[in-house]
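A.B. asks: From the sequence below, what's the structure:
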Amino acid sequence: MKKLILNITLVLSSSILFSQDAKKSLPRPTKQQLAWHQMEFYLFVHFGPNTFTDKEWGLGNEQENIFNPSQLDCRQWARIAKAAGAKGVIITAKHHDGFCLWPSNFSTHTVRESKWMNGQGDVLKSLSQACKEVGLKFGVYISPWDRNHPDYGTPEYNDVFVNMMKEIFTNYGPIWELWWDGANGEGPNGKKQVYDWDRFRKTVKALSPKTVVFSDVGPQIRWVGNESGVAGKTNWNFLDTAGFTAGLGAPSTDTLNTGNTFGKAWIPAECDVSIRPGWFYHANEDAKVKSGEQLFDLYLKSVGRGSNLLLNVPPDRRGLINENDSAALMAFKKLREENFKSNLLSDARAYWEVNEESLINNSITYRSFDNKGAYGINKQSFVMDLPAAVKINCIILKEAIHLGQSIESFKVILFNNDMQVGEIAGTTIGRKRILTFPAKIITSFKIYLIDRHGNDNVSGVAAYLLDEKLVEK
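C.D. replies: Take a look at the predicted model:
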């Protein structure tokens, strides 16, 4: 075999060019979903009466005056989120207890009825403005379950919920992501609600067509199937939703974790997890905040498996992000910056291997393509050749997801000169796959791909030496 030496940019862009016609039948992300994929990491903010009652799920009968943060400062939240490298913030505008963090005209259980700021406060307004000031995306969580509203459990409540969403989009937009919790329990009248999901979806589409909507079944973003912040090692961005609904009618958690191999819709997974054991602030958890190292590990298992990381950081009773949480976020940011600072492939060469007969006949061309490659070029494998030996324990692969997702397995073979020194195998790649392994000294590595269409659809490759304490042995 002879080596055809090509610049890495040419390798990757040429392979993508050949992928386009073959991948027309695959589900593809919208522009909004592609932008969502680029977000990678953002904050969840659970805040409300539960913050002051030490509950996780309020009963809905809490007195409004219980909500009374003494120093609420949404600018502080936004500054910390920005400093931590988060790209947005999603706030629990209404949790299951029904308390609204904005003065809704469709409820009497809101900040308006509390003594906080003499009933003149509006958390959504403050946070949406703070996010705009520092350049963060603003998202809203709104639970359809309402343990306080008297209309819950009747057809009229669907009108209430739609009107609440209209208030949010009209008064606090643009809303980048809307988060629907599928929980459905009894209201104050002992009844459960029949949610009109179709109407809810149509309402959002009419009000804000660029908003991506999260639920167990999308329509744009799906739950990853756990609250541990961990995506599946196999993680397809496809999901079949026919016959399923959010909540109890959702697909199995295993399916949500891995997606459907041949799913008909592009609905990628979002990994939600809290920086603390609970979702709302509890003082007795101040010493139980996840460390920077633990957050880095979650990053590898969420973003590093093609998903996004939604990290909950609940403000305390002052209305501030607690010092312990802030310190952990900064440590997490520092670890990401330090460990992904230097791409060790910056001077590497990439090439395909071409059979000798093709070279002799001067028949190498890129006019045609089949599963075995163009005129002897195997476009499902390529080599990264380094100018000198380096020590690495991390390789990042990226797939050209704007064309869909079709790489279903891969293998990376590590070499030190002609000696094989390691092998890493996996299934899907998606937007980003971060592979970690015990450190090896290498001079090259070869990537074998199994792509459903016979293509090499890798759009980026990088290699790093991470702090070895951060890498699972």
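
A.B. asks: mind listing what's buried in stretch 127-147?
C.D. replies: Neighbour counts over stretch 127-147 (16 or more other Cβ atoms under 10 Å) mark 127-128, 130-131, 136-147 as buried. (Each C-beta comes from the backbone N, C-alpha and C, glycine too.)

A.B. asks: now stretch 245-258
C.D. replies: By 16+ other Cβ under 10 Å, the buried positions in stretch 245-258 come out as T245, A246, G247, A250, P251, T255, L256, N257, T258.

A.B. asks: how long is it end to end?
C.D. replies: With Cα to Cα, to the nearest Å applied, stretch 245-258 spans 18 Å between its terminal residues.

A.B. asks: For the residue nearest the centre of the chain, grab phi and psi.
C.D. replies: Closest to where the C-alpha atoms of the chain average out (Cα atoms, centre = their mean) is N308, at 1.4 Å. N308 has phi and psi values of phi -110, psi 150 when expressed as degrees, to the nearest 10.

A.B. asks: Can you name the residues bridging to it?
C.D. replies: Note on N308: beta-bridge partners by DSSP bridges are E270.

A.B. asks: Could you do I392 as well?
C.D. replies: K440.

A.B. asks: Could you number the chain from 489 rather than 1 from now on?
C.D. replies: I'll keep to 489 as the first residue from here, and by that count the last item is I880.

A.B. asks: residues near it, how many?
C.D. replies: Residues lying near I880 (other Cβ atoms under 10 Å) number 22.

A.B. asks: dump the residue contacts of it.
C.D. replies: By Cβ atoms under 8 Å, 6 or more residues apart in numbering, the residues touching I880 are L832, A927, K928, I930, A951, Y952, L953.

A.B. asks: so of the buried residues of stretch 733-746, which ones are in helices?
C.D. replies: Applying DSSP state H to those, the entries found in helices are T743, L744, N745, T746.

A.B. asks: taking the buried residues of stretch 615-635 one by one, which sit in strands?
C.D. replies: Counted as lying in strands by DSSP state E, out of the buried residues of stretch 615-635, are K625, F626, G627, V628, Y629, I630.

A.B. asks: Closest one of these to F532?
C.D. replies: Checking these against F532 with Cβ to Cβ, the nearest one is Y629 at 7.4 Å.

A.B. asks: what's the closest non-adjacent residue to the closest one?
C.D. replies: Once flanking residues are discounted, Y629 sits nearest to W667: 3.9 Å by Cβ to Cβ, 6 or more residues apart in numbering.

A.B. asks: Next, count neighbours for that neighbour.
C.D. replies: By other Cβ under 10 Å, 24 other residues sit near W667.

A.B. asks: same deal with N553?
C.D. replies: By other Cβ under 10 Å, the residues close to N553 number 12.

A.B. asks: which ones are touching the spatially closest residue to it that is not a sequence neighbour?
C.D. replies: The shortest distance from N553 to any non-neighbouring residue, by Cβ to Cβ, 6+ apart, is to K603 (4.8 Å). Applying Cβ under 8 Å, 6+ apart, we find K603 in contact with E552, N553, N556.

A.B. asks: Which single one of the residues you listed is nearest to W711?
C.D. replies: Looking across the contacts of K603 and measuring by Cβ to Cβ, the closest to W711 is E552, at 30.6 Å.

A.B. asks: Nearest residue to that closest one in space, ignoring adjacent ones along the chain?
C.D. replies: Distances taken as Cβ to Cβ, 6+ apart put E601 closest to E552, at 3.9 Å, once the chain neighbours are dropped.

A.B. asks: Also T915?
C.D. replies: In space, and not counting its chain neighbours, T915 is closest to T722: 4.2 Å by Cβ to Cβ, 6+ apart.
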